[in-house]
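In: here you go, sequence then predicted model.
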Amino acid sequence: MSGEQGRVRVDSWLWSVRLLKTRSAASDACRGGHVRVNDVRVKPSQPVKPGDEIRLRVGGRERIVVVERTIAKRVGAPVAAECYIDKSPPPPPRELVPMPPVRDRGAGRPTKRERRSIERLFGRPPQP
């Protein structure tokens with residue numbers, strides 16, 4: 001099966017266009033139900049063709065891409081970016097998380113008072 005003429009497996013295509021790091025990660029995402037082609041959950045062997053819409057949930061973020069070209073071999077990032085149209089929503093802004101308090105080495109365990117202030121900082125209910 002040559003890369004640009006025919007259909008390509010969805011797991012191979014996701015790996016080829018660098019949406020996932022490894023082909024096995026792409027297969028696992030398909031098996032786990034995190035990949036949809038045209039709003040249908042697919043198996044790793046599902047073929048994709050130009051015009052298909054692929055929804056992929058990876059890293060807590062949903063990626064929506066439309067297939068422009070099918071390729072079977074992994075290519076460089078600039079060429080891979082030409083193989084799909086990215087319609088994903090922008091990533092959510094990073095929340096400013098307060099840094100956890102840092103204890104000096106050798107300071108020992110926190111006291112009961114320090115532990116309660118740490119619990120309050122993280123928004124957890126105090127434990128007896």
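Out: Done, it's in.
In: poorly predicted segments of this structure, please.
Out: In the prediction, the chain carries residues with pLDDT under 70 at positions 1-5, 94-101, 126, 128.
In: cutoff 90 now
Out: Applying pLDDT under 90 to the chain flags residues 1-7, 58-61, 72, 89-112, 114-128.
In: what about the most centrally placed residue in the chain, distance to residue 40?
Out: Among the residues of the chain, the smallest C-alpha distance to the mean C-alpha position (Cα atoms, centre = their mean) belongs to residue 58, namely 2.0 Å. Between residue 58 and residue 40 the distance, using Cβ to Cβ, to the nearest Å, works out to 18 Å. Glycine gets a C-beta too; all of them are placed from N, C-alpha and C.
In: can you give me the helices for this protein?
Out: In the chain, the helices defined using DSSP state H lie at 10-16, 23-31, 77-81, 112-121.
In: deepest of these, which one?
Out: Comparing the helices of the chain by mean neighbour count (mean count of other Cβ atoms under 10 Å), helix 10-16 comes out on top with a mean of 25.
In: run the chain-centre distance for that one.
Out: Computed by Cα atoms, centre = their mean, to the nearest Å, the separation of helix 10-16 from the middle of its chain amounts to 14 Å.
In: what do you get for stretch 77-89?
Out: The gap between where stretch 77-89 is centred and where its chain is centred comes out at 15 Å by Cα atoms, centre = their mean.
In: which residues are contacting it?
Out: Contacting residues not belonging to stretch 77-89 are listed as 16-18, 53-54, 61-71, 74-75 [Cβ atoms under 8 Å, 6 or more residues apart in numbering].
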